[in-house]
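> Sequence first, predicted coordinates after that:
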Amino acid sequence: MTKKVRKAVIPAAGLGTRFLPATKALAKEMLPIVDKPTLQFIFEEALRSGIEDILVVTNKSKRSIEDHFDSNFELEHNLREKGKDDLLKLVDDATAIRLHFIRQSYPKGLGDAVLQAKAFVGNEPFVVMLGDDLMDITDESVKPITRQLIEDYEATHASTIAVMPVPHEEVSSYGVIAPHGEGVNGLYSVETFVEKPKPEDAPSDLAIIGRYLLTPEIFDILENQEPGAGNEIQLTDAIDTLNKTQRVFAREFTGKRYDVGDKFGFMKTSIDYALTHPQVKDDVKDYIIELAQQLQDAE
Ligand code: G1P
């Protein structure tokens, strides 16, 4: 019988060194895209996908995450008194899901971060959502990729990993799949999963993009997983082992992905999102046109 997918794990224990000094005291997951922390986009995707419980794997410098998703009585009281219901709703939205936290005591890699979720997940299928990858954030009418993975699981009863084509020279930043033949309606059987291959060794340009639907058997594998690329315990390596005992599929994502773990990616995300934000979109658009004109004139 298919078990309902109810739980999500969000690894958020990275040190955020790429965004120093901004991340010295603030968790990188709290950096805002215009006015919303990146992690809140992930929560909203989880909510829209039917997830009921989220476990965030943090470390000791991530208190700001726990505070953000807690209720803030003083702020809510103040907004209510002033009749600022629209703002009150925005503050309330952050707390609309059941949230759990656990700490990874030592940064041993993504595989180890996911292993911290073993007791929380129990014997159920679950999703892993990486905070550096935001999908389709400018259009809420699109079916979230996490929802798609859950529907794939309901049809196949198997683990399914989201992938998308990336430029060949960039494959070494990703986990990459060797697909087995052509995909059927965007769903691929997979021969192997390889973490961060050199471009010349990569079996394809289909890269893992931070959304995973996993069966709980992954935990026994992770418990014995040796360090891999970068001397870290890699989730991709454990998935490759899982694929040898039960099928693991890859689902091709065809929407728009934003890499907010990268500085330029973060800026592009901010601009695209600002162009859809009711309060600032017109001003931002005018500014971009004006700026483009100035840059062109200066050439
Ligand atoms: C992680 C995974 C990698 C995946 C990537 C997607 O890498 O290990 O397989 O392709 O996320 O963003 P990281 O970006 O943490 O180095």
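Structure's in. What do you need? Numbering: from 1, shown residues only.
> Any idea how many residues pack against the residue of the stretch 101-250 of the chain found nearest the ligand?
Closest residue of the stretch 101-250 of the chain to the ligand, CB to the nearest ligand atom: Gly175 (2.6 Å). In this view, the C-beta of every residue, glycine as well, is placed from N, C-alpha and C. By other CB atoms under 10 Å, 26 other residues sit near Gly175.
> Relative to Ala8, how far out is it?
19 Å (CB to CB, to the nearest Å).
> Show the pLDDT at the residue of the stretch 101-250 of the chain closest to the ligand.
Model confidence at Gly175, given as pLDDT, is 97.
> Which strands or helices does the helix or strand hosting Asp283 pack on?
Assigning secondary structure by DSSP states H and E places Asp283 in helix 281-298. Judged by 3 or more CB pairs under 8 Å, 6 or more residues apart in numbering; DSSP states H and E, the packing partners of helix 281-298 are helix 263-274.
> My read is that Gln234 contacts Gly111, right?
Yes - the criterion here is CB atoms under 8 Å, and Gln234 meets it with Gly111 at 5.2 Å.
> List the residues that are in contact with both of those two.
Gln225 (CB atoms under 8 Å, 6 or more residues apart in numbering).
> From Met129, how far out is Met164?
For Met164 relative to Met129 (CB to CB), the value is 15 Å.
> more neighbours, the two?
A direct count of neighbours by other CB under 10 Å for Met164 and Met129 places Met129 higher, at 28 against 21.
> Residues of this protein that sit close to the ligand?
Within the chain, the positions near the ligand by CB under 6 Å from any ligand atom are 110, 130, 132-133, 174-175, 195, 207-210, 234-236.
> of the residues you listed, closest to Val260?
For the residues of the chain next to the ligand, the closest approach to Val260 (CB to CB) belongs to Asp132, at 5.7 Å.
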